[in-house]
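Visitor: Kindly return the folded structure for what I paste below:
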Amino acid sequence: MAACQSELLLSDMWQQKATELNCEKNKISTMHSQANGVPYKKPFFESFEQAPLYIAVLTYMGYGIVTLFGYLRDFMRTWGLEKCRAAVERLEQTDFVPLYQDFENFYTRNLYRRVSDNWNRPICSLPGPEFDLMERVTDDYNWTFRYTGKVIKNVINMGSYNYLGFAENDEKNLSTVADAIERHGLGLCSSRHEIGNTEVHEELENLIARFLGVESAMAFGMGFATNSMNIPALVSKGCLILSDELNHTSIILGARLSGATIRVFKHNNMKSLEKLLRDAIVHGQPRTRKPWKKILIIVEGIYSMEGSVVRLPEIVALKKKYKAYLYLDEAHSIGAIGPGGRGVVEYFDLNPADVDVLMGTFTKTFGAAGGYIAGKKELVDYLRVNSHSAVYATSMSSPVAQQIIRVLKCLMGLDGTTIGRQRVHRLAANTRYFRERLHQMGFIIYGHEDSPVVPLLLFMPAKTGAFAREMLNRDIGVVVVGFPATPIAESRARFCISAAHTQEMLDKVLSAIDELGDFLHIRFSRHSRSLRPELFDETNFELED
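Guide: Now for the predicted structure:
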């Protein structure tokens, strides 16, 4: 026993030393005390290791070869040597503006179609830690699919955003949701401003505000629209939006609809953000040089493609220094991070009042639908009147609202149990375990050490499809992502960790990944798989200003 404890102690010492050397040489976003003069109350570690140069070259060569064959197959389709199954313009519309852009249509037809069997797979069960999948096959290289009538049972779910495992069908836990259906039915057929407001919605909004520690909150029926329809209500022409380059599409759409000027800063790069803030204040609006009516910084808590966590203490400091406003999207971070599941504000032990607009969704951690905006009472009252999503959209379904209330009470301990806090702690433990094991196996993974979103870099387009298919053959469902959702040379598999995952499930997934690491040759990390720091061969990676 003493020998085992000694080995564990030495192992921990080597790990700590290896991490320190790795961070010192790579400059991989590590802050133990402060950064840019802003104190951090806990270590902040993110990893964005670059692939070896030959991997980047082979990735671009792979896309080049596929593109060349695509043009060859298009030539054959034009001359009738191969049947064209793609959508084409009618001859009568030759002189019309085309419905499809040439490159988008080409990419879909010749690249995406080759691996499209890895997406839109229909499930036929609850999306819990395991699910059932309808088996389908294709006879024409993924142009069409047919169902065999068979069901693939007990597939480990590594793709759903079910961070705390509240996407469940336990009859006892869902009794209040069933009661809401009996009282209000499934739909209210009206907006909140008319006759779509119930006591359930009032209770929900009060609980959200209490949970987040702010004055007021408002719930919306659609998470995407919470961003895209509320940002235009907050800013307009003459205002400036400073947006992180990795912000979600809903934020980008809302910013464009607002009519405000948009400037993008490098991801999590405070020097880039501060330069834009300084230039905005010094130069003002283009041509007129008038001061901006409003400067709004928009960031996310956890970035869903990178697994990255926002450097919130530094952004809050810059926001205060330059008198800007801050909009924080906690779609992936609310419930998934922080000691009590209250998101990145709690994770960094900040005052919620330092964030002007707190936004989040109920579609992930809460196992429901919709989103919220929270902050000062004046802000929420303004949005009740001016937000298109509040005025024109149908009210959130009462049973959905009741599901969110159930989860909030569980997280806050108002149900008389500690189940909510236990799930938050279990998610954190699962995340750390999964990430650490992948690092040890020699894979390149992105993001923060506490982020339950774990991107594993595959790089090459052929490996992306092969990885998903091989994982499904081992009864593991994963999400693979490629261009245009990611940079063209950074295709990846994205794992979403859940508190509902057991140790056995994670070990099975890790064993399969380890096997495929050799089979597909995807161990691209140049960090040593040994805990001996002298064997490390790091790469440098630093975000540009």
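
Visitor: Just name the shakiest helix or strand of the chain by mean pLDDT.
Guide: Lowest by mean pLDDT, DSSP states H and E among the helices and strands of the chain is helix 2-26, with a mean of 40.

Visitor: Okay, now the unreliable bits of the protein?
Guide: Counting by pLDDT under 70, the chain has low-confidence residues at 1-39, 99-103, 528-545.

Visitor: residue nearest the centroid of it?
Guide: Against the mean C-alpha coordinate of the chain, by C-alpha atoms, centre = their mean, the closest residue is Ser304 at 1.6 Å.

Visitor: what packs against the strand or helix carrying Ile315?
Guide: Using DSSP states H and E, the element containing Ile315 is helix 312-321. Helices and strands touching helix 312-321, by 3 or more C-beta pairs under 8 Å, 6 or more residues apart in numbering; DSSP states H and E, are strand 38-39, helix 270-283, strand 295-300, strand 325-329. All C-beta atoms are positioned from the backbone trio N, CA, C, and that covers glycine.

Visitor: quick one: the residue nearest to the centre of the chain and His332 touch, right?
Guide: Yes - counting by C-beta atoms under 8 Å, Ser304 does reach His332; the two are 5.2 Å apart.

Visitor: how far does the lengthiest strand in the chain sit from the chain's center?
Guide: In the chain, with assignment by DSSP state E, the single longest strand is strand 146-157. Counting by C-alpha atoms, centre = their mean, to the nearest Å, strand 146-157 is centred 26 Å from the centre of its parent chain.

Visitor: That one pairs with which strands?
Guide: Here strand 146-157 is paired, per DSSP bridges, with strand 130-137 (antiparallel), strand 476-477 (parallel).

Visitor: I'd like the distance from the closest residue to Ile251 other than its chain neighbours to Val88, if you could.
Guide: Of all residues not flanking Ile251 in the chain, Asn227 sits nearest, at 5.1 Å (C-beta to C-beta, 6 or more residues apart in numbering). For Asn227, the distance to Val88 (C-beta to C-beta, to the nearest Å) stands at 35 Å.

Visitor: Show me what counts as buried in stretch 272-280.
Guide: Residues Ser272, Leu273, Glu274, Leu276, Leu277, Ala280 are the ones in stretch 272-280 that count as buried (16 or more other C-beta atoms under 10 Å).

Visitor: can you put the residues you listed in TSV and add distance to Leu207?
Guide: Shown next, in TSV, are the buried residues of stretch 272-280 (distance: C-beta to C-beta, whole Å):
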residue	distance to Leu207
Ser272	37
Leu273	33
Glu274	37
Leu276	37
Leu277	35
Ala280	37
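
Visitor: from these, which two are the most distant?
Guide: Ser272 and Ala280 (12.8 Å; C-beta to C-beta).

Visitor: is it true that Val400 touches Gly370?
Guide: Yes - judged on C-beta under 8 Å, Val400 makes contact with Gly370 at a distance of 6.5 Å.

Visitor: Overlap of the contact sets of these two?
Guide: Taking C-beta atoms under 8 Å, 6 or more residues apart in numbering as the criterion, Val400 and Gly370 both touch Gly221, Phe362.

Visitor: Double-check the residue nearest to Ile251 against Gly254; I have them as touching.
Guide: Yes - using C-beta under 8 Å, Asn227 is in contact with Gly254, at 4.8 Å.

Visitor: you'd agree Ser116 is in a helix?
Guide: Yes - under DSSP: H, G, I helix; E, B strand; the rest coil, Ser116 sits within a helix.

Visitor: From Val155, how far out is the spatially closest residue to it that is not a sequence neighbour?
Guide: Leaving aside its sequence neighbours, Ser116 sits nearest to Asn142 (C-beta to C-beta, 6+ apart; 4.7 Å). For Asn142, the distance to Val155 (C-beta to C-beta) stands at 20 Å.

Visitor: Looking at those two, which is more packed in?
Guide: Taking other C-beta atoms under 10 Å, Asn142 and Val155 do not tie; Val155 has more neighbours (22 against 16).

Visitor: ok, and the closest non-adjacent residue to the more buried one?
Guide: Per C-beta to C-beta, 6+ apart, closest to Val155 is Gly477, 4.7 Å.

Visitor: related to what we said a few turns ago, more crowded one of Asn227 and Val88?
Guide: Using other C-beta under 10 Å, the more surrounded residue of Asn227 and Val88 is Asn227, with 30 against 11.

Visitor: That one: helix or strand, and which one exactly?
Guide: Assigned by DSSP H and E, Asn227 belongs to helix 223-228.

Visitor: after that helix, next one along is what?
Guide: helix 231-234.

Visitor: Show the subsequent helix or strand relative to that following helix.
Guide: strand 240-244.

Visitor: Can you spell out which helices and strands pack onto that next one?
Guide: In terms of contacts (3+ C-beta pairs under 8 Å, 6+ apart), strand 240-244 is packed against helix 249-258, strand 261-265, helix 270-283, strand 295-300.

Visitor: Quick one: work out the angle between it and strand 325-329.
Guide: Strand 240-244 runs at 40 degrees relative to strand 325-329, counting by axes from the mean of the first three to the mean of the last three C-alpha atoms, to 10 degrees.

Visitor: next one: strand 240-244 to chain centre, how far?
Guide: Put simply, strand 240-244 sits 19 Å off its chain's centre (C-alpha atoms, centre = their mean).

Visitor: isn't Glu470 right up against Leu516?
Guide: Yes - between Glu470 and Leu516 there is a contact under C-beta under 8 Å: 5.5 Å.

Visitor: Now distance to Lys508 and mean neighbour count too, for the strands paired with strand 146-157, in JSON lines please.
Guide: Below are the strands paired with strand 146-157 laid out as JSON lines (distance: least, C-beta to C-beta, whole Å; neighbours: other C-beta atoms under 10 Å):
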{"stretch": "strand 130-137", "distance to Lys508": "11", "mean neighbour count": "16"}
{"stretch": "strand 476-477", "distance to Lys508": "7", "mean neighbour count": "21"}
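
Visitor: Output those strands in CSV; the columns should cover distance to Pro487.
Guide: Putting the strands paired with strand 146-157 into CSV (distance: least, C-beta to C-beta, whole Å) gives the following:
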stretch, distance to Pro487
strand 130-137, 30
strand 476-477, 25
